[in-house]
Structures are given as structure tokens and as C-alpha cells.
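Q: starting from these lines, generate the structure:
(chains A and B)
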Amino acid sequence: MSTANKVSWGEWIRERDDPTTAAGKPEALEDIVVLDLSHKSMAGVICSAFLAEFGARVIRVEPPGGDTARFFSPFGLEHEGTGLGYLVEGRNKLHITLDLTREGGRAILKELAGHADVIVETHKPGQMDSWGVGYRQLREINPRLIYVAHSTYGQFGPEAKRQSNKPDYEVADQALSGILHVTGEMPTGEEPKPWEVPTKAGNWFGWYASGAWGAFASLAALHHRELSGKGQMIDITGSEAIMRFMEDMILWYEKAGVERGRIGLLDTSVFPYTFVRCKDGFTMIAGFSDVNFQALTTIMGRPELRQDPRFKGFIDRLQMENKIALHSIVEAWSQNYTADEILGMVHDYVLNKRGPGIVATGRVNSPTQTLNEEHWWKRGAFEKVDDPVYGELTMQGTPWKMTETPPRTKWVCRPVGADNEFVYLNYLGYGRDRMAALKEQGIL
Amino acid sequence: MDDGRSYFDWTAETFDPTKIFQKPEALRGVRVVEMCTLVLGPAAPDYLAEFGAEVIKVELPPGGDTMRYVPPEGFFWRNLCSGFTPVNHNKYHIGLDLHKEEGKELFRQLVAKSDVVVENLRAGGLDSFELGYRQLVEVNPQLIYLAANGFGQWGPFSVGRASYDLLAQAVSGMASITGFPGRSPMKNGIFIGDFFGALMNDLAILAALHYRDRTGKGQFIEYSQGEGLVRILDWTWLYQHLTGKERERYGNRDVAISPSGVFRCTDGFVAIAAGDDESFGSLCQAMGQPELAQDARFATLPDRLQPANNETLSAKISAWAGDKSKQELDNLGAEFGFAATPVTTVKDHYEDDHLRTRRSVWTFQDPLYGEMTEYGPAPKLSETPGRYRWPARPVGFHNDYVFRNLLGLSSKRIQALTEQGVVGRWADRPGAKPPDDWQGEGQLM
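A: Down below sits the predicted model:
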């Protein structure tokens, strides 16, 4: 116990987990081989990207010419022939081509499957099976195989077959999960305005949630395999991936009969916990427990609000009309200051112990504002990658810091089929003539 | 090889939900000590517990986790805060006062017998109690220790700044790209940074377990939920880098996939997407306008992504979908092969046979609380399916079980520790205590 108090915790741990020291350390999943057969969906591409960040050897298999997901890109923008969303999630993967619509391609997939620990795919449910390369066929070749299938509705259940013809798009995942229904502005009148509608999370949240659960389940299954020797099949839907995050909505509905809807910037369970206008945009502000509400009202110079029957107790502040009233009161105050001035007042209150409780606050950043904050750069949340193919790029880094096996970005992406020679030689022993023939047949 | 059965007959049997409790659990044998509050922290051990990890949740008696007192609009059901249980399934709840020396010693003994510690206190909080990573690794050299918070364990924002899910949405840029042009940045309707962040935490824990299985080495892991949201803003940062332009709010339009949007129909809203050329062709067929697929403005994805074309196409879909019902559009998507999915509500989920069969809507009979329904485990594993054994429990509910069975304390010793206030149970308060009619059901010995 004698180690404590010599250097501060922050200094001590930074010396051990600063991501700039990652290169040269081992990788957690470096013994794992993943085949990513994603088809027209980013869910699997994201799943394998997370595994690749932890060091898995990911072989990304695309049809000759490249997968459509390569071209999901803002306004059709391409960089060196690839869309931006794909570039971000192509990290650390080897990229090969293989035409699974042809028998010759499927025969090669069976050979590759013998080398794989994990297969990820996003074809329509039943498609791979009908080609003879679904889980129930590939497990005959490789009983230790872990096979992850992403879709919107799933591989089983009463609706699975009927819905199996739909491709997996993330907006559909958001719709089916319920998040769309509870995000966005409240209707204010008889005739709803164009923005008073269910509103999607701005990023590809359906695909990110699906991909992350896919990686989670793969790792849990790998752990089971260590002990049992058995592989298995994993069924992930982007819709249920988000649904698991839907808080207590279903219990509240069952027991109180309340169906959650949209409440804009307000919150169901805590208040104030919201965005308010400030001089230079919007700022987030929270002070919902009684003691933190005391801190907030002290900082605002409005101690009398604590005695107001509308705001006196935690539960009083949760009544809808009180939330709306309190939001206006806080906003009338916050509009006189910039977000940083408000943060300064909070800092002063907390660090100089001017009273009990704490307030959480921070500017609602535009992407540029986030990108310009030193904190994220220092911590490696952003990184500049100098890639041999794609040049110097600024992108998000890996979010985890780990002392022994830090995740890392080794390269950004690769062009279609860039690693064909290496992978087919390395794993299957294909020489130059065989490769040339397969290419000519259009299988690679 | 495919034994002649249709694919969906085979999956129905392979994933048969009535067999869940007959199958093994993936993480059985992994013991996790949780020192967490609210959502970001507790949800990570919860997901692990759904797949078999043994999670011991340590709370300060008698009040426990703050999340016990954050019910929607103040609604408690049978003294249970409905917001508490979604992130506290299958756990063993103990009440232990870490301010007291004996409490610290029991905590260290627990950690010595565990694989993973998860905490989400302020940076360095447990270290100042002499119970942080650098002290615990001395009692358990193979320990995997994860610390999660808003801004990280070090760096300019790591001191003096409280954080919540919504602050992570704000500072990461997530809120700024959600919502409609000309309107305010939009708060996501759920605690997106917390629930998703907890899943990200688990990826690192499971990767670290895999490494430990091979090498015997544990490690320290930290996660900042702000950084987690930065990570998942897809093309935002690269777009900025390459064009110097700001990503804006685009409402329900996806400027990187076309068509993709949320369309008003006669009885609600339907998400429709057909970004790839094949499903776009199918959508055009369903619309009775097959010529659109040949139109130079729409023929390929890059064409459709040109802003003016994307807008024109959206308007056409909007006009077409407007006089159809949710069910009609859903059916057309299934028949022709494009994404068409109604915007669903919690009531839709509750009544959905598909979701219930898949146990994504999970109804169970609990000895304490009776019949109750929650959203079930998300991924479906054929050999080691996730499961709910019980929902959240009152503060200190499993004191006897954990202290007796795991640490080998006698009843007498537990009694003495309870009298000294080192070990404790629930306060007489909704959120902390069992239902009023509780007769001792559900306790473990």
C-alpha cells in the first residue's frame, strides 16, 4: 500500500496508459483471425473494426469491385476512391476480394473458414445458408467457428422469415428500436411543424450499436470456447442492439401505463438536465439532486427558487409544467453568458468550495469546436494518421486506454483487393498462376 | 450437411428460447466486483452478468446507488425504481462502508478473489481511499480493473468537472449533429452515452480477459464516455479534415446514404432506406416508378447522393408513402426487398410476438416483485444465450450470501460487523428497500 501518495493518481496512471506509448506493446487479440463478409451494411464492418483495434487479424472480404458500403459517404465524396465512413472503419484490416455469388468463390471461402476464429456477415438472413456457406455448413469444416450475423429483424422468431428480404439499414434499426420515437421536439400545436417529428440520432447509431454488440458477443463466445472448445452462432439485430438501451421504458409502461414520447431537450427522470441557450450557442447544464440544485441556484444568484413550491423537491421539478417553467428561468440567466463563462462560474464554485453540491456544464460543441479542444488531442481521442495509401488524415482514435495491451490504429484502410496476394498465399498457399486464373475468372 | 430442414426451421430450433436455461453461460466463472453508480458504470457489469459473470455490487449502506432514486416522473413500483433495474440484473448486492477500515479490508478480500473490478467514481476517487488500481493490484496481481467516467483519468478536463451522459453528448459533438437544420442541437431521447459506453467498457474488459487467459497478465483500463461518442461519429472528423466544412444537422436525411429517411404515412412514420442499387431498384418497382432506377439523377449511389438529387428523391418517396399505412409500407419492403420499418413505440414492443419470442421483451416472475417485463439481452447466442435470473435487489440484499460463502465469515462475525455499521442493509425508503409485503422470499444462503 506504500505506493500511494508519492505521485498523484493522474500522473501515475498516465505514465502507464498514455496511448502515445502503445506501439511496441502486445495486442489483446493478436491470436484471433476474423473474416468480415459484410455486405452493403456497416454493422459488420464496425464490429470487425472494434476487434481490429484490439489487435485481431481481420480479413475483410469484398466482392470484386468493392462492397457498396465503401461508397456510403457524405454527398458522395470519395477520398482515393473510398467513402469517408468506410475509411474510418477500415482500420487495421487486410482487404481481399472474393465473389460469393459464384460456386468457385464459395469453395475458397470454405478453405478460408478453416482458418477463422470469427466470421462476421450482414447478408439477408438465410442467404449464406442457401449458398451452402452458412453457419450450419461451415461448422462442419470448423467446429470452433464463431459466426456472427447482423440484420434488422433477426435470424429467428415469428417475423424472421417474412422480414428476411429487407436489407439492414441503420435508420430502420433506429425506427424498430424505439429510439426514433422518443427523440426530437414535442408537437406544439394542431399542425405539427416539419421538425416536430421522430428524429434520428445523427450518426449511424444503429450500425454502431449492432457492431459493438457483435464484438461483445464474439468475445464472450471466445471466452466460452477457451473452456469448452465449442463455437457457436450469434444473431444480432441493430434494432435490439439499441432496444437494450431503452432504459426502463417497458417497465414504466407495464406498471404505470405511460408510453414515453418526445420531450425535446427535457428529461423524464431528472431535471434540470438539459441544454439552454447561451451567448455563443447552447450549453449543457445539470443540477437535479436537491444538493446540486442548491449549487445551481446559488451560482445563478437565485436562491429563492429553492423555496418555490414548483421546484422545491426532486419530484416537484419533474412535473412537466414545472420542467418547462424552470427551463425558461435557467435560460433567461444563461443567455447573458458564454458557455465558457458559465463553466468558469461552476469551476469557481466547485474548486473554491463556495457551497455544497456540484453542477455539470459544458458547451454543446459543433464538431469543429470538439476538434479544437486540446483535451481530446492530448488523450488521443483524435489522431493524425500518416497512411501509406491515403496520406495524412485526421480521424477519431481508439477510445480505450489500456496499460498492457493498448488498442491502436496501425493503418487506415486498404483499397479493394489490396491484400489478395498476401492473404491467399499466406493462408491458402495460392501461387501466382492460381491467382491469375482466379482473377481472370472474376472470382477475385 | 444442412439436414434438409429449411433455414428458419433450423434457426428456430438452434435459438429455441425455451431452452435458454438448459444451456451453459459464456462468462460463468468470471467474478466482477462493481463499485459503480448511476448508469455508465453499473451497465457494464450488468451486460456481463447477463452472460453468466458473477457480479458483486458494492453499495454504501443504507442508501446505496444514487440511481435507486431516479425514477421516471417519480414513479416507484413496489419500492423499486424502474430506472435502476435495467442496469442491475443478476447481481449480488452487498452494503459495505468503505470509509471504515474493516470495510476496506473486506473489499480487498473480495477483490483478491475476483477477476475484474469496475468503477465509475471521479478520477482517483478510489485511489484516495487506498482502494484504487495501484493498491488493489498488490492483493491481486492478475486483476483487470476498469475505470469509466466523463473525461478520463488524466488530461486538462479530468479535474473538477462532473460529467453525465448528456454532457458527453454535448462536448463530443453528438448533440450538434442530431436534430433539424435551423433548430437547436437535439438531446437523444435515451442515455445513449451511458448505455452504449458501458458496452464499450465491456469490449475492453473481454479483450483483457482474453489476453489474461493466454498470458496470465491483468491490466488497468480507462474509458471516457466523451471519447467513446467521438469514436462513433462515423465520418464527421474525416469530412472536416478533407473539406474544412462543418458537419451540420440534417434532420432525418442521411447525406451519406440515399435514399434514407423517415417518412410520414397515414398512421405514423416509417423509416425507408435503399442505399444500394439493388434495393433501390426494388423500391422503384414497389413505387410503380421503375424508370427512376434508370434516371441519370438516381441511377447510382453517387448520383443519388448529390444534394439536389437526394432532395428530389426524398420528395418523391414522401409523396408516394404519404397515403399508405405503416403496415402497407412494411409489407412492400418485405415483398420487394428494401428497408421499410415503422417507427415503433414501447407499446408496440410490449405487444410484439416476435420480440417476445426472441426474449428481447422479457417477462419474468420474480420472488420479490412478482411479474414484470423488461427489455432482454441484446445479442442472441446459440450455445450460451444471455438470460435474466433476477432484476435489481435492495441494498445489502445478499450480504449473508457473499460474506458467508465467499469470504467465509461466520454469522456471528457478520452480525458484529453489521452492528459496527461496516456491513449494512437498506434504508427504510422506496428505492432502497424490498416491497412492503416482502416475507423474506428470494434470499440466498
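Q: test my guess that A:Pro19 contacts A:Met402.
A: No. The pair A:Pro19 and A:Met402 does not pass the contact test of C-beta atoms under 8 Å, sitting 9.0 Å apart. All C-beta spots, glycine's among them, are computed from the backbone N, C-alpha and C.
Q: quick one: which of those two has more around it?
A: Neighbours per residue, other C-beta atoms under 10 Å in any protein chain shown: of A:Pro19 and A:Met402, the larger number sits with A:Met402, 28 against 21.
Q: what are the phi and psi angles of the more buried one?
A: When read as degrees, to the nearest 10, the backbone of A:Met402 gives phi -140, psi 140.
Q: quick one, grab the pLDDT at it.
A: Note on A:Met402: pLDDT of 98.
Q: ok, it - contacts?
A: A:Asp17, A:Ala28, B:Ala204, B:Ala208, B:Gln219, B:Phe220, B:Ile221 (C-beta atoms under 8 Å, 6 or more residues apart in numbering or on different chains).
Q: which of those sits closest to B:Glu374?
A: B:Ala204 (25.8 Å; C-beta to C-beta).
Q: against A:Arg91, how distant is the closest one?
A: 16 Å (C-beta to C-beta, to the nearest Å).
Q: one more: A:Asn365?
A: Applying C-beta to C-beta to A:Asn365 and A:Arg91 gives a distance of 24 Å.
Q: show the contacting residues for A:Leu219.
A: Applying C-beta under 8 Å, 6+ apart, the residues near A:Leu219 are A:Leu51, B:Leu203, B:Leu206, B:Ala207, B:Leu209, B:His210.
Q: what about it, helix or strand, and which?
A: Using DSSP states H and E, A:Leu219 sits in helix A:205-228.
Q: can you list contacts of whichever helix or strand comes after that helix?
A: Moving toward the C-terminus from helix A:205-228, the next helix or strand (DSSP H and E) is strand A:232-237. By C-beta under 8 Å, 6+ apart, the list of residues contacting strand A:232-237 from outside reads A:43, A:135, A:139, A:146-156, A:173, A:176, A:210, A:213-214, A:217-218, A:221, A:224, B:11, B:14-15, B:378-384.
Q: could you pull out the strands in chain B for me?
A: Ranges of strands in chain B, per DSSP state E, are B:31-35, B:54-59, B:76-77, B:80-81, B:92-95, B:116-119, B:144-149, B:219-224, B:260-265, B:268-273, B:339-342, B:361-366, B:370-375, B:380-381.
Q: okay if I get the ones you listed as TSV plus mean neighbour count and mean pLDDT?
A: Shown next, in TSV, are the strands of chain B (neighbours: other C-beta atoms under 10 Å in any protein chain shown; pLDDT from 0 to 100):
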stretch	mean neighbour count	mean pLDDT
strand B:31-35	24	98
strand B:54-59	26	98
strand B:76-77	18	96
strand B:80-81	26	97
strand B:92-95	25	98
strand B:116-119	26	98
strand B:144-149	27	98
strand B:219-224	27	98
strand B:260-265	23	98
strand B:268-273	26	98
strand B:339-342	27	98
strand B:361-366	17	96
strand B:370-375	18	98
strand B:380-381	28	98
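Q: okay, those strands in JSON lines with distance to A:Glu392 next?
A: Formatted as JSON lines, those follow (distance: least, C-beta to C-beta, whole Å):
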{"stretch": "strand B:31-35", "distance to A:Glu392": "41"}
{"stretch": "strand B:54-59", "distance to A:Glu392": "44"}
{"stretch": "strand B:76-77", "distance to A:Glu392": "55"}
{"stretch": "strand B:80-81", "distance to A:Glu392": "50"}
{"stretch": "strand B:92-95", "distance to A:Glu392": "51"}
{"stretch": "strand B:116-119", "distance to A:Glu392": "37"}
{"stretch": "strand B:144-149", "distance to A:Glu392": "32"}
{"stretch": "strand B:219-224", "distance to A:Glu392": "25"}
{"stretch": "strand B:260-265", "distance to A:Glu392": "31"}
{"stretch": "strand B:268-273", "distance to A:Glu392": "33"}
{"stretch": "strand B:339-342", "distance to A:Glu392": "36"}
{"stretch": "strand B:361-366", "distance to A:Glu392": "48"}
{"stretch": "strand B:370-375", "distance to A:Glu392": "43"}
{"stretch": "strand B:380-381", "distance to A:Glu392": "41"}
